[in-house]
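# sequence plus the predicted model coming up.
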Amino acid sequence: MRKKGYILAIIFFSFFLSSNQSFSQSLNQLIKGNFSGSYENYSQYYLKDDKIGALLPLDRIGSNGFLKLDYNYGKFSAGAQFESYLPSILGYFPIPVDNQSKIVNKYFKYTDEKFSVQVGDFYEQFGSGLIFRAFENRQIGINNAVEGFNIHVNPTDYFRMKVIYGRTRQIFEYAKAVNRGFDAELDVNHLLGRKNDPINVAIGGSYFGKYQDYTGPLDKFPSTVHSFAGRIDLDANDFSLSSEYVEKASDPNLLNNQSFEKGKAFQVNGSFTKNNFGATATFRSVYNMNSTSDRNQEFTSIAPLNYVPALTKQHDYLTSNIYVYAAQLKGEVGFQTDVFYNIKPGTKLGGKYGTKISANYSMFNALKEPGNLTAIGKQKYFSDANIEIKKKFSKQMEMTLGLQQIFYNSAVIQVVSNETVSANVVALGGLYKWKSKKSVRVKLEHLSSETDSKSWASGLAEFSFSSPYAFFISDLYNYGKTKNHYYNFGASVTKKSTRFSLSFGKQRAGLFCVGGICRFVPASYGFTAGLTTSF
Amino acid sequence: MKKYIYIIVAFLMIQSSLLAQENGFPSIKLKSTNGQMVDLVDLGIQSKDTMVVMSFWATWCIPCINELEIINDVYEEKQAIKPFKFYGVSVDDTRTSQRVKPFIKGKGWQFNVLMDINSELKRYLNITDVPHVIILKDNKIVYRHTGYISGEEENLFEAIKNL
């Protein structure tokens, strides 16, 4: 209570000082350089709903807060992030964080054109991230920043090098392993003095190693785990091809069931574009690639070291997101392809404003045999075939039609049932704008399935009557089995870079995935408030 | 101890909002859709005459795409009124970054797109959510807006006209 009193008093005092122009001007003169930052808060108040399985936590309130402050003066920058979980919102961490706040991610950085050094906590990525990636994703609760140093050296405009060393953040602590890594990239054309060639070729290589003390009974247990990766990228105006191969030494840990087998991954992507057409296809095969900064860690979302995302389309449909794929790091092989086409305006099919078509297909199976990246197994994990057609009829109206066919192996992906799901989704959306800044956006969806929770229907309407206010109402209804409604309604107000939103409703229990990381979110019912601002 | 930390943080939070971006930007590398590395400081953000508009977006962000489609529809018309440089900055990570180039070609977008694959620029500019639009001129951020609801683009064009 006293703590909150202090905060209120300081904020009030600061506002008082801020209103005094001469004081703030003289302060500005004293402080060179500039401050910037952001604040984000996401809070929930929980109610009980037995029908959807929304239980009351011990504390009815969950609140996640992030304040980030950066200072920059010329080539120098420094900053810190203050995080508070009072307590963490339901399902945000596998084990809730109870009423804790801390200053985290402190850093100091010097950046020159050919050299930069950062000490403190940093984010980094080698290649596509299959070997190493440190990043933050607040939606899913990931922050695996590394505390140590990160040096970038670009001695010429065709060669780049990175060296990292440090420990990975594990919520408010640091994980036990010490990481060290090295990445180098070379633009081959520039090196050969053929900068203007139609094809740009870049090659790269990475090393990543981790060391964690082992005090167990085994003689030949690997305390140090080395990983190596090589990549090549070809880029031309209409065409690009990129490929990466990673190999990881024996790394027994809880997440791979103490497997002593080597890990490996291979990925290749090709893209082609011409006029109003674009297509891309990616093939990826993965075996035993769980990489964590503590071999005793049991949760994939806490302190991971690499990034192996699900290579499937991220849908914005309420019904499609019931069945989302999570990459199987123990072993999977599959591909994804996308096609985008814009039928030109002024043609019969394009009409006055053109017609936009996008189609996507992805499929992932088990490996036929452990460690063989090229052998596709018969066991199917997931497939998704979808098409979306978007047509603008006038300045006032546009419509979207989406069709999707999903295959989902629940036993492998969610490990909660032995069922497989075959589902079809139809979605119809529309936007009607009757006056400047006055519009309504509507979306209707239907998912049909014979198994699992069977059929669903959903509706969503967003109203914008007068900027900066917006309102929405939605319902996701399971009429095939549980007869549960998951309704939500709310409003938001946005002013410059500040947004406040408030909503009330029900959240379905399920797998929530952003990027490659998924977490299981429990059912919840109640109020949600969000505030974000950047300055 | 914690009390003093709260005091410093709250004080900095309020005072920092008073200070404008005045001392330029550091070198931050972005990747063009042709695979070339492009530096933020080479995009013309120092110009006192032509402003640089950056719209942060992702292929999975529907409001971002709605906003960029509207901007693309009136791009030539607005450039004729007052020329400006426009970059769509994709924050797609390696899950979806390979979709960016075919996506923009398939949409027929006329403006340049840059890729901020591990969100270095997004983080430097303290952008929490996409869509987020900023206007840079004379080495300063002179406009920023988060989120998109239909009609919001008119505020952006109004700002471009008046700045």
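Done, it's in. Predicted model only: the values in this text are computed from it and were never measured.

# partners of the spatially most central residue of chain B in the sheet?
Residue closest to the mean C-alpha point of chain B, counted by CA atoms, centre = their mean, is B:M54 at 3.0 Å. Counting by DSSP bridges, B:M54 is bridged to B:Y87, B:I134.

# and the gap between it and A:L431?
Remark: distance between B:M54 and A:L431 (CB to CB, to the nearest Å) = 25 Å. Placement of C-beta: from N, CA and C, glycine included.

# with B:I135 instead?
B:I135 sits 26 Å away from A:L431, going by CB to CB.

# kindly report the same for A:I140.
The spacing between A:I140 and A:L431, counted by CB to CB, is 29 Å.

# can you show me the helices along chain A?
Ranges of helices in chain A, per DSSP state H, are A:2-19, A:21-30, A:188-191, A:410-413.

# quick one: contacts of the last one?
Right, helix A:410-413. The contact list for helix A:410-413, computed with CB atoms under 8 Å, 6 or more residues apart in numbering or on different chains, reads A:325-326, A:328, A:366, A:379, A:381-382, A:416-421, A:452, A:511.

# buried set for that helix?
A:410, A:412-413 (16 or more other CB atoms under 10 Å in any protein chain shown).

# which single residue in chain B comes nearest to chain A?
B:G106 (2.2 Å; CB to the nearest CB).

# next, count neighbours for the spatially closest residue to that residue that is not a sequence neighbour.
Nearest in space to B:G106, with sequence neighbours left out and distances taken as CB to CB, 6 or more residues apart in numbering or on different chains, is A:F340 at 2.2 Å. A:F340 has 26 neighbours, counted by other CB atoms under 10 Å in any protein chain shown.

# contacting residues for A:F340?
A:277-279, A:356-358, B:102-103, B:105-107.

# may I ask which two of these are separated the most?
Farthest-apart pair in the contacts of A:F340 is A:A279 and A:K356; separation 14.5 Å (CB to CB).

# those two: who's more crowded?
For A:A279 and A:K356, the more surrounded residue by other CB under 10 Å is A:K356, and the numbers stand at 23 against 18.

# check whether that one really touches B:K105, as I assumed.
No. Counting by CB atoms under 8 Å, B:K105 is not a contact partner of A:K356; they are 11.7 Å apart.

# please enumerate the strands of the stretch 251-400 of chain A.
Here the stretch 251-400 of chain A has its strands, by DSSP state E, counting those that start in this stretch, at A:263-274, A:277-287, A:331-343, A:355-367, A:376-392, A:397-409.

# what's the answer for chain B, then?
B:29-32, B:37-39, B:52-57, B:85-90, B:112-115, B:132-137, B:140-146 (DSSP state E).

# mean pLDDT added to these, as CSV?
Formatted as CSV, these follow (pLDDT from 0 to 100):
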stretch, mean pLDDT
strand B:29-32, 92
strand B:37-39, 89
strand B:52-57, 96
strand B:85-90, 96
strand B:112-115, 96
strand B:132-137, 95
strand B:140-146, 92
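
# burial count for residue 107?
Let's take chain A. So A:Y107, with other CB under 10 Å, has 19 neighbours.

# chain B was what I was after
Neighbours of B:K107 under the rule other CB under 10 Å: 21.

# list the contacts for it?
Per CB under 8 Å, 6+ apart, neighbours of B:K107: A:340, A:342, A:356, B:65, B:68-69, B:72.

# can we see that at 7 Å?
With contacts defined as CB atoms under 7 Å, 6 or more residues apart in numbering or on different chains, B:K107 is in contact with A:340, A:342, A:356, B:69.

# so which of the contacts of helix A:410-413 reach chain B?
Contacts with chain B are made by none of those, judged by CB under 7 Å from any CB of the partner chain.

# contacts only, for residue 100.
In the absence of a named chain, chain A is used. Counting by CB under 7 Å, 6+ apart, A:Q100 touches A:85, A:172.

# hmm, I had chain B in mind actually
By CB under 7 Å, 6+ apart, the residues touching B:V100 are B:33, B:59, B:90, B:92, B:113, B:115.

# for the first one, grab phi and psi.
This means B:T33. Per-residue torsions, B:T33: phi -70, psi -10 (degrees, to the nearest 10).

# now it. Nearest residue, chain neighbours left out?
Excluding its sequence neighbours, the residue lying closest to B:T33 (CB to CB, 6+ apart) is B:K101, at 4.5 Å.
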